[in-house]
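Give the three-dimensional model of this entry:
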Amino acid sequence: MNDPPLEFLRTDFGHKVYDSWYLEHARHNFEAPEFIEKHFPFYEKALQLSETDIILDAGCGIGSYTRAFARRGYHIVGMDLSPNFLAEAEKITQRENLEIEFVLGDYGEALQRVDNADHPAYQHFPGEVDIPVKAGDLVIGDSRLLHASHGNQSDERRTVITLWYHPFFALLPAEMQAHIGRLRQRLAWSDADWARIAELAPICKSDVEPLKWNRNPGPELR
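Numbers count the residues shown, from 1 in each chain. Take a look at the predicted model:
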């Protein structure tokens, strides 16, 4: 069997090949209304959101979760790397008569690697405004978009809780599933807290050797 062209093996967001595949196939799974409605109550219950909270949905895709928040009265802004996804998000949003601001973000491979620390993307700009974050605020983000947050400029303590979500867990290689799936870390959670997130916890039933996770950067990143 001939190998498929390399172009069709690309999975980077914003690329026309991946976006076309996702819009035609994957959206019917991960963007289905019943899928969204099944998982949405978890966010409200776990995060105890209020109508005064401001939410940034970074990596919003076609805006399925963005619209779910908006329908419930939350102030939310959607951001994604793909103009194709955002065009679809705006089309659906207009059809539902919702008012949501969608913003096109860009990170690029050079920004991911921080090839140039003097790049304008890492600099302060005149008129730049920090987004105030208080206890209970929620930021849904693609980890490739958010490099860091500004320091706490208040006199109050600030706690940041990061939850990793793997919507494509079933499509990952078995070794990677094994690594992610074994990180239940039950001892770090009380029974009550674990019961609140267990439904979203990835589970790997394979006996393969977990992928060795390497957090040490190679020479090209030093």
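
Would you mind splitting the protein into its domains for me?
Domain ranges of the chain: 6-163, 165-222, per automatic domain parsing.

which residue ranges form the strands in the protein?
Per DSSP state E, the chain carries strands over the ranges 54-58, 75-80, 101-104, 139-140.

any chance of those in a markdown table, with mean neighbour count too?
In this view, the C-beta of every residue, glycine as well, is placed from N, C-alpha and C. What follows is those, written out as a markdown table (neighbours: other C-beta atoms under 10 Å):
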| stretch | mean neighbour count |
| --- | --- |
| strand 54-58 | 21 |
| strand 75-80 | 21 |
| strand 101-104 | 14 |
| strand 139-140 | 17 |
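
Go through those and find the least confident stretch.
Of all these, the minimum mean pLDDT falls on strand 139-140 (a mean of 68).

Which one, of the strands of the chain, ends up nearest to Phe42?
Among the strands of the chain, strand 139-140 comes nearest to Phe42, with 12.5 Å by C-beta to C-beta.

do you know which of the strands of the chain lies nearest Leu23?
Of those, nearest to Leu23 by C-beta to C-beta is strand 75-80, at 12.7 Å.

Now do the closest one and strand 54-58, the angle between them.
10 degrees (axes from the mean of the first three to the mean of the last three C-alpha atoms, to 10 degrees).

partners of strand 75-80, with directions?
Sheet pairing of strand 75-80 (DSSP bridges) gives strand 54-58 (parallel), strand 101-104 (parallel).

Please work out which residues outside that strand touch it.
Strand 75-80 is touched from outside by 13, 53-61, 63, 66, 69-70, 86, 89, 100-105, 142, 145, with contacts defined as C-beta atoms under 8 Å, 6 or more residues apart in numbering.
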